[in-house]
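[1] Here you go, sequence then predicted model.
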Amino acid sequence: AQSVTQLGSHVSVSEGALVLLRCNYSSSVPPYLFWYVQYPNQGLQLLLKYTSAATLVKGINDFEAEFKKSETSFHLTKPSAHMSDAAEYFCAVVKAAGNKLTFGGGTRVLVKP
Amino acid sequence: GAGVSQSPRYKVAKRGQDVALRCDPISGHVSLFWYQQALGQGPEFLTYFQNEAQLDKSGLPSDRFFAERPEGSVSTLKIQRTQQEDSAVYLCASSSGTGDYNEQFFGPGTRLTVL
């Protein structure tokens, strides 16, 4: 079985500061990894995905994530937080030859002015 | 273009009532997924359709849950004899392909509250 663990259910950052959201996965085979964002009362929107090409993946809105096999991690970062980044972020994994997403518990980001 | 739409957006049911939740995927999308998101948690997989075929229903929590996609487009998730533990947001997602890294596009969800 595979699972995804997001460390920290809530993160508070100041506007302009670095955003770092942590995600670790457990999988017996190389997975496909995703980060989604969910704004209040909206569906999930894909930020970026890792599909075994480059280990550093760039996504929308200046987010990026680095796949580190040795650490089984796929942490999400953004150099400078905006107020509009306040949302909930989910890390998810798809097993190769499968297609259903398995999500982590989510991290809610609060951006302080 | 139009995204994934779901209706109703909010549903309040009395315990024991049957409910039906509708999903309109993006036109032409082959794959359709249902997820359940309990308050404060990540979404959990319920079931998957490829066109009209239900290929995976391993996530349906009980036989009170039933999903269909008879013509390979619109899908309905039906919950019979609702219980309080069924209260959650039900998310529908569609994808243009059948591969494991095809992006899934999510609808806004239906928030079900069972009293």
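    Okay, I see it. Please read all numbers here as calculations on a predicted model, not as lab measurements. Residues are numbered from 1 along each chain as shown, chains lettered A, B, ... in the order given.
[2] which non-adjacent residue is nearest residue 103?
    No chain specified, so I'll use chain A. Of all residues beyond its chain neighbours, the one nearest residue A:103 is residue B:42 (3.4 Å), with distances taken as CB to CB, 6 or more residues apart in numbering or on different chains. The way it works is simple: take the backbone N, C-alpha and C, and place the C-beta from them, glycine included.
[3] oops, chain B please
    Computed as CB to CB, 6+ apart, the closest residue to residue B:103 that is not its neighbour in sequence is residue A:46, at 5.3 Å.
[4] so who does the one you found touch?
    Going by CB atoms under 8 Å, 6 or more residues apart in numbering or on different chains, residue A:46 touches A:34, A:35, A:36, A:59, B:103, B:104.
[5] Pull the most distant pair out of these.
    Greatest spacing in the contacts of residue A:46, by CB to CB: A:59 and B:104 (15.2 Å).
[6] mind checking how far the closest residue to residue A:42 other than its chain neighbours is from residue B:93?
    Closest residue to residue A:42 in three dimensions, ignoring its sequence neighbours and counting by CB to CB, 6+ apart: residue B:108, at 5.6 Å. Separation of residue B:108 from residue B:93 (CB to CB, to the nearest Å) stands at 11 Å.
[7] so where's chain A uncertain?
    In the predicted model of chain A, residues A:1-2, A:28-30, A:95-98 satisfy pLDDT under 70.
[8] quick one: the residue nearest the centre of it from residue B:25, how far?
    Nearest residue to the geometric centre of chain A (CA atoms, centre = their mean): residue A:35, 3.6 Å. The span separating residue A:35 from residue B:25 equals 22 Å under the rule CB to CB.
[9] The residue nearest to residue A:103: neighbour count?
    22 (other CB atoms under 10 Å in any protein chain shown).
[10] what's near enough to touch it?
    When contacts are counted by CB under 8 Å, 6+ apart, residue B:42 is found next to A:4, A:90, A:92, A:103, A:104, A:105, A:106.
[11] cool, and residue A:49?
    For residue A:49, the residues meeting the contact criterion (CB under 8 Å, 6+ apart) are A:32, A:33, A:34, A:35, A:57, A:59, B:101, B:103.
[12] then the helix or strand it falls within to CSV, C-alphas only?
    Assigned by DSSP states H and E, residue A:49 belongs to strand A:44-50. Listed next in CSV are the C-alpha coordinates belonging to strand A:44-50 (Å, rounded to 0.1, in the frame of the first residue of the first chain):
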residue,chain,number,x,y,z
LEU,A,44,-8.8,21.2,-6.3
GLN,A,45,-6.5,22.7,-8.8
LEU,A,46,-3.3,21.1,-9.9
LEU,A,47,-0.1,23.0,-9.0
LEU,A,48,2.4,20.6,-10.4
LYS,A,49,3.2,17.0,-11.0
TYR,A,50,6.3,14.7,-11.0
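[13] Can you spell out which residues form a bridge with the residue nearest to the centre of chain A?
    Following DSSP bridges, residue A:35 is listed with bridge partners residue A:48, residue A:91.
[14] quick one: residue A:59 and residue A:110, what's the gap?
    Using CB to CB, one gets 21 Å for the distance from residue A:59 to residue A:110.
[15] Settle it for me: which of the two has more neighbours?
    Ranked by neighbour count (other CB under 10 Å), residue A:59 and residue A:110 place residue A:59 first, with 17 against 12.
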